[in-house]
Every structure is written in C-alpha cells, then in structure tokens.
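A.B. asks: Pasted the sequence and its predicted model underneath.
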Amino acid sequence: MMKSEMKQTLTSIFPFLKWMPGVKKTWKDDLFAGLTGAVVVLPQGVAFAMIAGMPPEYGLYSAMIPAVIAALFGSSKHLISGPTTAISLVIFASISAMAEPGSNHYIELTLLLTLMTGVFQFILGAARLGGLINFVSHSVVIGFTTGAAILIASSQLKHLFGLQYKNAAEFTDNIGLLIKNIHNFNIYSLATAAVTLFIVLFVRKFRPKWPSMLFAMVGGAVLAVSMGWQEKGVKVVGALPSAIPHFALPTFSMDSMRVLSTPAMAIAMLGLMEAVSIARSVALKSGQKIDGNQEFIGQGLSNIVGAFFSSYAASGSFTRSGVNYSAGAKSPAAAIFAAAWLMAILMFVVSYAAYLPIAAMAAVILVVAYNLIDFHHIKATFRLSKQDSAVMAVTFLSTLFLELEFAIYVGALLSIGLYLNKTARPKVLPRIPEIHNRQLVTDPFLPQCPQKKKKT
C-alpha cells in the first residue's frame, strides 16, 4: 500500500513518469511528428517574435524550452506550447509604451513579464482552480482573437509597403499613420510581399500538407536576394546571434513588477484559456481525458523556466498541436523531439536567416492573422445565441479600442456575469414528464403538472 501511494504521489508531482516508459514503443511516431512540428514552427517563431517586438531568435527560443517543460508537466499528449499571435500582440501592446521594441530594456521587461505570467499560472493550478476556465464562454476567445487578428494585420501593413514610421498604440492611429505615409511606399517591398503571399496561397491550395509558410518565406528571400532588392530599400532580418537559447536571470525591479502585474495576469488568463481549449479540442479526437489543473501547472512551469532561457510568454499553439496530432504523435515526447529538431535545423540555417525580407514575414503574418478569424463559429454564434453574440461583440470592440489586457478582463467578467445570472434564475417548466423519454427535453403539448398549477 505504501509503495502504491508513493508511486501515485510521484506521478502527481512528475506526470511524465506515467508516459515516459511507453516511449520505447512510440518513439518512431513521435520522432517523425516532432520533425514535422519543427518545420512548421520555423517561420512561425520568427513571425511571432516580430509581432511581439522581440528579435527573431526569441520567437524560436520560445518554441523550444516552454514546449519541453509543458510536455513534461502537462496532461495532454498532443498539446504543443510556444509563441502565439494573441499573446505576442498583448506583450507588444503592454511593453512598447515602456521601452523601444527590440532594445535590451524591452527584452528585460518581456522576460520579467513572462516569469510573472508563469507564477500566476502556477499558483492558479496549485490552488486547483482549473475549472474556472469552464465558466468563460468560448465567445470571449473568438471575439478577442478576431480583434487581435485585425490589430496584427494593421501593425504589419507598414512592413508590407516598406514604410518607415513607428506603430501607434491605438488601432485608429495606426490606420491614420498608414494613410498619411502611404505615398512613400516601396514598390520592391510590396512586390516581395505579394510573391510571398502568392506562394502561401498556391501551396495551400495544391499541396495542403506542405509547410506553405516556410516555402513562401524562402521564396520571398530568394526573389529579393537574386534581384538585388536589398539595395533598393527592402529590409531584411539580419544575422541571428545563436540557435541555442542561453541561460540568463531576469532583471528584477519592484517598479517594473508593479507596472507589469496587470498585463501579466491578463496574459496568464489568455494563455490558460488558449492552452486548455486547444488541449480539449484535440482530446475530443484522440479520446484522451484532460486535467485542467495539471495544464495550468504545466503552462506555469513552462513560462517560469522559459523566462530564464530567453523565452517570452508561451501557450498552447493550435496549429502546431493540430499538426502534431495529424502527424501521428503518440505521446508528449513528440514535443521534446520537435524542440531538438528545431535546434538542430537552426544550427545549419541560422546564417541564412539574415536574408529573410521583413516584407515577406509581414505577408506571412497577414495569413496568420486571417487564420485567426473563426468565420464558422462567428456565424454560428450570431445565429444561435444573442447572449453569446453580445459577449463576442463586446470583447471584439474592447480589443480594438481598449488596452488589450482590459479587453480580456471585460470579456471574461461579462461571460461569467451572464452565466451566474442565468443559473440564478433557472427555468422551471410546469409539465408532467414523459415517462418513456428520459432526455432533458420538453414538449409544449404535454399536460401541465397539477401540483405546480395549484401553487401558481
């Protein structure tokens, strides 16, 4: 009895002990799935870092360390953690007003924000509050990601046209700056972006299983370099310093921690909603049971550890998780193999990344932003539920016109408030139940319950 209890305690603290022994049977499937995931995240990591205002290599670092830690301490077999578009945008919106994007101070604040985010997530998981996510309507996530998609697209238009101005914090101001500077556009940057976008769409239509974004970015780079467009104003990423994330202590400051506490909590909530939602959606296909509390702990630890290895805030990636499952992954070891593959690939191609045109990455980010908009669920929500439609619309508008961290709070609080209001006033139907039908449905032609009728 003591031995079994000790084993149960160990597996609850170190959940990877449950699946690790089985890897000797599944390692071939996991190894192949990991390679597929590494190829997918290569262009994504660079693009997401660009959205977050971080140097390109930090997006790739965030696809390595957090993915490994979340796989070891999470509950999902197929969830892959890493940089995401929505979190990258919140980071940029939160810190760009405090420091110049890409600067050393900006990086220090971002890593401190990541550490604080991870601590918040870990505390929520340790307190067994994983079930709280169930009370937040999916409409909040849809509304926020739709608004985030528009914000991301608007922030990349200047790179698409090769314009030189600093992005504004407000959506309307950004559009105003674009209109004001559009006459100075660079035709070569626009051509590079157009070719990149064409390659993405072409590959997706005729070879949907191929890594379209990777082919597109390589195609855009080959075009710009072969035509000598770098000398004609087409900006490139520049050399990446290292393919391997390095250990560094986050810079602690009480003033910075006080300012970052609000966005850290918002990113923690957004990250947990993303991770648990994605894990559950994949689990519906795989038949696996997901432990929300364990996912909270796994995501928290991934950001805590990641902050010490040059990784910015990460969460579950829908694209990578879906690709991981489709590629035949059988255990969380696939995420670990993906990180190892990515590091190995970068060691060979890190010198070539310097030639990636920023306009090509902007075109790829536009595709990513478009994919964020869930048109199917938006239409279904407007058709089926006025309440969920209101939550989605308010969250969407808050995302566009308020600070992003407050938009998350507005949507979540409105969703929880409406849920509590609904459950506080349950509908009681005064009808005699159908004895041959045990489903919780009603029929308007059933007779009214006489006891209920007397009381009313």
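C.D. replies: Right, received. Where do you want to start?
A.B. asks: which regions of the stretch 51-200 of the chain sit below the pLDDT cut-off?
C.D. replies: Scanning the stretch 51-200 of the chain for pLDDT under 70 picks out the ranges 169.
A.B. asks: any idea how far Ala243 is from Pro250?
C.D. replies: 22 Å (C-beta to C-beta, to the nearest Å). For every residue, glycine as well, the C-beta is placed using N, CA and C.
A.B. asks: Please look at Gly37 and Ile80 and confirm they touch.
C.D. replies: Yes. Using C-beta atoms under 8 Å, Gly37 is in contact with Ile80, at 6.1 Å.
A.B. asks: Between the two, which contacts overlap?
C.D. replies: 320, 324, 334-335, 338 (C-beta atoms under 8 Å, 6 or more residues apart in numbering).
A.B. asks: coming back round to it: comparing Gly37 and Ile80, which shows the higher neighbour count?
C.D. replies: Neighbour tally, Gly37 and Ile80, criterion other C-beta atoms under 10 Å: the higher count belongs to Ile80, 34 against 29.
A.B. asks: Which residues lie in contact with the more buried one in this structure?
C.D. replies: 37, 67, 70-71, 316-317, 320-321, 324, 334-335, 338.
A.B. asks: can you tell me which of the residues you listed are in helices?
C.D. replies: Here DSSP state H is the test, and these give 37, 67, 70-71, 320-321, 324, 334-335, 338 as lying in helices.
A.B. asks: Return the closest of these with respect to Phe122.
C.D. replies: Nearest to Phe122, judged by C-beta to C-beta, of these is Ala70 at 12.0 Å.
A.B. asks: in terms of contact, does the closest one touch Gly300 like I think?
C.D. replies: No. Ala70 lies out of contact with Gly300 (C-beta under 8 Å); the separation is 9.4 Å.
A.B. asks: and the residue nearest to Pro43 when sequence neighbours are not counted, how many residues sit next to it?
C.D. replies: Excluding its sequence neighbours, the residue lying closest to Pro43 (C-beta to C-beta, 6 or more residues apart in numbering) is Met213, at 4.3 Å. Residues within reach of Met213, counting by other C-beta under 10 Å, total 29.
A.B. asks: Met213 and Leu366: what is the separation?
C.D. replies: Met213 is 11 Å from Leu366, by C-beta to C-beta.
A.B. asks: sec struct for Met116, please.
C.D. replies: helix (DSSP: H, G, I helix; E, B strand; the rest coil).
A.B. asks: I'd like the numbering to begin with 407 instead of 1 from here.
C.D. replies: Got it, the first residue is 407 from now on, which makes the last one we talked about Met522.
A.B. asks: pretty sure it contacts Ala670?
C.D. replies: Yes. Between Met522 and Ala670 a contact is recorded at 3.8 Å, counting by C-beta under 8 Å.
A.B. asks: which non-adjacent residue is nearest Thr805?
C.D. replies: Leaving aside its chain neighbours, Thr805 sits nearest to Gly553 (2.8 Å; criterion: C-beta to C-beta, 6+ apart).
A.B. asks: Grab the CA positions of the helix or strand that contains the one you found and hand them over as PDB.
C.D. replies: Element membership of Gly553, judged by DSSP states H and E, is helix 544-566. C-alpha atoms of helix 544-566 as PDB (Å, rounded to 0.1, in the frame of the first residue of the first chain):
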ATOM      1  CA  HIS A 544     -15.800  30.400 -25.900                       C
ATOM      2  CA  SER A 545     -17.300  33.600 -27.400                       C
ATOM      3  CA  VAL A 546     -14.700  35.600 -25.400                       C
ATOM      4  CA  VAL A 547     -11.800  33.800 -27.100                       C
ATOM      5  CA  ILE A 548     -13.500  34.200 -30.500                       C
ATOM      6  CA  GLY A 549     -14.100  37.900 -30.000                       C
ATOM      7  CA  PHE A 550     -10.600  38.500 -28.700                       C
ATOM      8  CA  THR A 551      -8.800  36.600 -31.400                       C
ATOM      9  CA  THR A 552     -10.800  38.300 -34.100                       C
ATOM     10  CA  GLY A 553      -9.900  41.700 -32.700                       C
ATOM     11  CA  ALA A 554      -6.300  40.600 -32.300                       C
ATOM     12  CA  ALA A 555      -6.200  39.500 -35.900                       C
ATOM     13  CA  ILE A 556      -7.200  42.900 -37.100                       C
ATOM     14  CA  LEU A 557      -4.700  44.600 -34.800                       C
ATOM     15  CA  ILE A 558      -1.900  42.300 -36.000                       C
ATOM     16  CA  ALA A 559      -2.800  42.900 -39.700                       C
ATOM     17  CA  SER A 560      -2.800  46.700 -39.200                       C
ATOM     18  CA  SER A 561       0.600  46.600 -37.400                       C
ATOM     19  CA  GLN A 562       2.200  44.800 -40.300                       C
ATOM     20  CA  LEU A 563       0.900  46.900 -43.200                       C
ATOM     21  CA  LYS A 564       3.900  49.300 -42.900                       C
ATOM     22  CA  HIS A 565       6.300  46.400 -43.400                       C
ATOM     23  CA  LEU A 566       4.200  45.200 -46.400                       C
END
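A.B. asks: Any buried residues in it, and which?
C.D. replies: Residues of helix 544-566 classed as buried: 544-566 (neighbour count, 16 or more other C-beta atoms under 10 Å).
A.B. asks: Could I have the CA atoms of stretch 615-625 written out in PDB?
C.D. replies: Extracted in PDB, the C-alpha atoms of stretch 615-625 (Å, rounded to 0.1, in the frame of the first residue of the first chain):
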ATOM      1  CA  LYS A 615       0.200  19.100 -46.400                       C
ATOM      2  CA  TRP A 616       3.400  21.000 -47.300                       C
ATOM      3  CA  PRO A 617       4.700  23.800 -45.000                       C
ATOM      4  CA  SER A 618       3.400  26.700 -47.000                       C
ATOM      5  CA  MET A 619       4.700  29.500 -44.800                       C
ATOM      6  CA  LEU A 620       8.300  28.100 -44.900                       C
ATOM      7  CA  PHE A 621       8.200  27.700 -48.700                       C
ATOM      8  CA  ALA A 622       6.800  31.200 -49.000                       C
ATOM      9  CA  MET A 623       9.400  32.900 -46.800                       C
ATOM     10  CA  VAL A 624      12.200  31.100 -48.700                       C
ATOM     11  CA  GLY A 625      10.700  32.100 -52.000                       C
END
